[in-house]
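Student: build me a model from this:
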Amino acid sequence: MSKNAIHDEEKPPSDDSRTSVRDFLPFSPSKENGKLAVLISPHLKSLAKKSKAVHAEFYPSPQEECVSTKSFLDPLMEDQFVKTRGLVHKYPNRVLIELTLSCASYCRFCTRRRMVSDIKKLILTEKDVDNMYKYLQSQPDVNEVVISGGDPFTVPVILKYALQKFNALKSITIIRIHTRVPVSNPHLIKPSFYTTLKQVKKPLYISIHFEHPDEITKATVAVINKLKACGATLLSQSVFLKGVNDDYETLYKLFRRLPELGILPYYIYRCDPVAGAEHFIVPFAKELEITTKLRANLSGIACPTYVIDTPNGSGKIPVPLNFWEFNKTSFHDFLGKKIIVRQN
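Tutor: Predicted coordinates for the structure are as follows:
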């Protein structure tokens with residue numbers, strides 16, 4: 001076993017640790033027919049017994065079968081921007097690195113549910129990372145890599161290799177890692193993993209996905225403190241989710257608490273219209289009301305930017321709050337294209 005491993009081996013969780021969808025749903029969808037598999041860590045199973053919000057995030061619902069014509073398999077159109085296996089180059093100055101399609105647990109609202117939990121395409125190799133390195137050498141305007149997945153914290157060996165390669169590129173000046181492991185299974189992280197992070201010599205940003213204050217457990221706080229000790233700047237990302245956090249009190253408590261832990265709330269997203277997750281979408285007017293009230297009652301460092309990730313993949317568009325009078329039915333994306341806002 002590698003000294004940097006989180007799992008006993010860097011491979012998909014074994015069958016006995018992967019909960020089948022058929023345990024929860026009568027129609028038994030599987031990844032073979034395009035459905036997101038079910039994987040819930042012991043940490044989350046325990047938490048879900050006490051938290052309805054956490055339960056709703058990770059346990060599947062029959063509503064996942066209700067797919068409308070307004071939904072998309074790839075709402076951000078990432079697939080068309082793949083330049084080499086695992087590398088998406090959609091924006092001029094940064095690239096997305098998808099090191100794995102596995103996570104410590106699978107969120108039912110996952111934007112990448114079309115491919116996350118696909119065992120056949122699960123983990124990238126050193127050769128894949130070498131190809132990314134070569135591509136980035138040919139792209140001097142790219143100064144930032146965003147390492148995501150899946151969850152890169154679940155594949156520490158290949159993550160270490162990728163960090164070493166990107167750290168050696170002079171053109172790369174910012175490294176960002178997106179993870180949910182501190183929330184979904186904080187006990188996975190081994191002490192040696194923090195040593196890997198400390199070896200990164202460039203500005204390192206770690207964005208942790210939080211949805212509800214119930215996710216902030218003692219084990220999660222312990223991981224947060226260790227990540228800060230590595231010299232990383234910690235950010236958070238959240239998504240408006242019906243039945244989870246679509247009320248002012250819940251988000252006020254979450255965003256007030258995160259800066260106290262040294263985490264700056266970065267974005268709160270409108271839920272993407274991804275097929276199988278539409279039941280999580282909150283009415284647009286309600287989101288505006290909540291975010292406006294949050295901004296009026298929290299400090300600037302505690303307020304994330306409310307954004308819509310445009311369905312044509314052009315980027316994250318900030319939404320004005322109700323302090324302004326504006327057209328709430330449409331907006332223009334970064335390419336100047338008019339986008340109609342889905343209201344419900």
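Student: every contact and neighbour count from this point should use C-alpha atoms.
Tutor: OK.
Student: off-centre distance for stretch 240-251?
Tutor: Centroid separation for stretch 240-251 versus its chain: 17 Å, with Cα atoms, centre = their mean, to the nearest Å.
Student: what does the closest residue to Cys66 other than its chain neighbours show for phi and psi?
Tutor: Leaving aside its chain neighbours, Cys66 sits nearest to Gly276 (6.7 Å; criterion: Cα to Cα, 6 or more residues apart in numbering). Main-chain torsions, Gly276, degrees, to the nearest 10: phi 100, psi -10.
Student: likewise for Ser238?
Tutor: According to degrees, to the nearest 10, Ser238 has phi -140, psi 160.
Student: surely it and Phe210 touch.
Tutor: Yes. The criterion here is Cα atoms under 8 Å, and Ser238 meets it with Phe210 at 5.5 Å.
Student: where's Pro304 relative to Asp246, distance?
Tutor: 15 Å (Cα to Cα, to the nearest Å).
Student: contacts for the strand or helix carrying Ile268?
Tutor: Ile268 belongs to strand 263-269 when elements are defined using DSSP states H and E. Strand 263-269 has contacts (Cα atoms under 8 Å, 6 or more residues apart in numbering) with 233-240, 255, 258-259, 301-309.
Student: out of those residues, which are buried?
Tutor: Buried members of the contacts of strand 263-269, counted by 16 or more other Cα atoms under 10 Å: 233-240, 255, 258-259, 302-309.
Student: among those residues, which are in helices?
Tutor: Among the buried ones among the contacts of strand 263-269, the ones falling in helices (DSSP state H) are Phe255, Leu258, Pro259.
Student: quick one, what contacts the last one?
Tutor: Meaning Pro259. Pro265, Ile301, Ala302.
Student: can you rerun that using 7 Å?
Tutor: Contact partners of Pro259, counting by Cα atoms under 7 Å, 6 or more residues apart in numbering, are Ala302.
Student: tell me the pLDDT of Ser105.
Tutor: If you check Ser105, the pLDDT there is 91.
Student: that one: neighbour count?
Tutor: The local packing of Ser105 (other Cα atoms under 10 Å) involves 24 other residues.
Student: surely it and Val183 touch.
Tutor: No. At 9.6 Å, Ser105 does not count as touching Val183 under the criterion of Cα atoms under 7 Å.
Student: coming back round to it: next SSE after the strand holding Ile268?
Tutor: helix 284-297.
Student: pLDDT of that next one, averaged?
Tutor: 98.
Student: which helices and strands does it pack with?
Tutor: Packing contacts for helix 284-297, counted by 3 or more Cα pairs under 7 Å, 6 or more residues apart in numbering; DSSP states H and E, involve no helix or strand.
Student: and stretch 81-97, which residues are buried?
Tutor: Val82, Arg85, Gly86, Leu87, Val88, His89, Lys90, Arg94, Val95, Leu96, Ile97.
Student: stretch 201-214 now?
Tutor: Leu204, Tyr205, Ile206, Ser207, Ile208, His209, Phe210, Glu211, His212, Pro213, Asp214.
Student: what sits up against that stretch?
Tutor: Stretch 201-214 is contacted from outside by 51, 167, 173-180, 232-239, 245, 250, 253-254, using Cα under 7 Å, 6+ apart.
Student: from memory the residue nearest to Cys66 sits against Glu65, does it?
Tutor: Yes. Assessed by Cα under 7 Å, Gly276 is found in contact with Glu65 at 6.0 Å.
Student: neighbour-wise, which of these two wins?
Tutor: Taking other Cα under 10 Å, Gly276 and Glu65 do not tie; Gly276 has more neighbours (27 against 15).
Student: quick one: pLDDT of the more buried one?
Tutor: Gly276 is assigned 82 on the pLDDT scale.
Student: distance of it relative to Lys242?
Tutor: With Cα to Cα as the criterion, Gly276 and Lys242 are 14 Å apart.
Student: next one: Glu289
Tutor: For Glu289, the distance to Lys242 - Cα to Cα - is 14 Å.
Student: how about the strands in the stretch 151-300 of the chain?
Tutor: Applying DSSP state E, counting those that start in this stretch to the stretch 151-300 of the chain gives strands spanning 174-179, 204-209, 233-239, 263-269.
Student: can you redo the ones you listed as JSON lines with mean pLDDT and distance to Lys226?
Tutor: Putting the strands of the stretch 151-300 of the chain into JSON lines (pLDDT from 0 to 100; distance: least, Cα to Cα, whole Å) gives the following:
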{"stretch": "strand 174-179", "mean pLDDT": "98", "distance to Lys226": "15"}
{"stretch": "strand 204-209", "mean pLDDT": "99", "distance to Lys226": "12"}
{"stretch": "strand 233-239", "mean pLDDT": "98", "distance to Lys226": "11"}
{"stretch": "strand 263-269", "mean pLDDT": "98", "distance to Lys226": "13"}
